[in-house]
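*Asks:* sequence-free structure coming up:
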């Protein structure tokens with residue numbers, strides 16, 4: 001099995017930490033960075049790379065859990081209280097089920113269509129196109145629609161719609177946060193509410209992917225290859241630290257700013273990737 005150098009793991013961890021919370025596609029960047037720089041040890045073993053990608057996502061999941069720890073404790077208590085009293089009559093008791101509902105479509109799609117998403121749809125030129133296309137989707141949702149609803153005004157149809165949109169994020173270049181924020185905006189939520197729910201709904205889907213890949217690697221498989229442990233530790237820690245900072249930045253930013261800079265970045269990077277594909281052809 002191929003391994004990563006520690007410095008490569010550090011760079012990819014930082015890339016993951018920055019790009020997962022921001023609506024610019026972490027999976028796209030994790031595919032593009034090694035491809036652009038021609039790192040020979042990255043890409044030789046697809047199974048290893050998928051495991052490493054999930055490990056980096058677990059790092060950013062740790063960042064989400066730490067940042068939203070009070071919210072998550074409150075959500076968990078509300079879920080248990082609702083079950084114990086058999087009442088789901090206010091938003092606090094509904095929110096845990098909205099988060100659970102939003103995870104179902106992506107979990108099903110991921111289980112059934114993994115080969116498609118990680119195969120033909122992960123080609124660099126497709127990533128470039130999707131960076132541009134879903135950047136324009138974010139622009140339309142942000143600038144062309146009214147945003148007046150707060151998160152506590154969410155209903156089950158909103159959660160289901162955002163959850164279905166999340167399935168598109170299985171394709172590199174789309175961005176999980178980007179498409180779920182776009183979906184939230186299109187349902188009329190303000191920027192901060194759409195962004196906050198996008199982060200909260202990431203917890204079960206990323207955690208589930210981590211558990212599944214962990215089982216494949218350590219229970220059903222042979223564990224990590226020799227020499228890979230330090231790269232995984234470095235990648236997870238760096239993605240957790242930078243992910244926390246990126247979450248804090250984005251939530252402050254969206255209170256007073258639009259998503260236009262992220263749209264411009266996505267389109268610029270997409271053009272760069274397409275140009276590189278043509279040059280290398």
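*Replies:* Nice, thanks for sending it over. Predicted, not measured: the structure shown is a model, and the values here were computed from it.
*Asks:* give the buried residues for the longest helix seen in the chain.
*Replies:* Ranked by number of residues, the top helix in the chain under DSSP state H is helix 91-118. The neighbour-count check on helix 91-118 (16 or more other Cβ atoms under 10 Å) flags 92-96, 98-99, 101-107, 109-110, 117-118 as buried. For the C-beta atoms, the positions are set from N, CA and C on the backbone; glycine is no exception.
*Asks:* check contacts around residue 6.
*Replies:* With contacts defined as Cβ atoms under 8 Å, 6 or more residues apart in numbering, residue 6 is in contact with 230, 231, 234.
*Asks:* right, I mislabeled it, should have said residue 31
*Replies:* When contacts are counted by Cβ under 8 Å, 6+ apart, residue 31 touches 122, 124, 127, 172.
*Asks:* just the helices in the protein please.
*Replies:* 6-19, 26-37, 46-67, 69-85, 91-118, 124-143, 156-166, 176-186, 191-200, 202-214, 229-253, 260-280.
*Asks:* quick one: the third one to chain centroid distance?
*Replies:* From the chain centre to the centre of helix 46-67 is a distance of 10 Å (Cα atoms, centre = their mean, to the nearest Å).
*Asks:* show me what it is packed against.
*Replies:* Under the contact criterion of 3 or more Cβ pairs under 8 Å, 6 or more residues apart in numbering; DSSP states H and E, helix 46-67 touches helix 6-19, helix 26-37, helix 191-200, helix 202-214, helix 229-253.
*Asks:* select, out of the helices of the chain, the one closest to residue 150.
*Replies:* helix 191-200 (5.3 Å; Cβ to Cβ).
*Asks:* need the residues that contact that closest one.
*Replies:* 21, 64, 67-68, 71-72, 75, 95, 99, 142, 147, 149-151, 154, 162, 176-177, 180-181, 183-185, 189, 247, 250-251, 254-255, 258-259.
*Asks:* likewise stretch 254-268?
*Replies:* The contact list for stretch 254-268 (Cβ under 8 Å, 6+ apart) reads 22-25, 131-132, 134-136, 138-139, 142-143, 175, 178, 181, 191-192, 195.
*Asks:* mind showing which ranges of this protein have poor pLDDT?
*Replies:* Across the chain, residues meeting the criterion (pLDDT under 70) sit at 1-3, 40-47, 118-119, 219-223.
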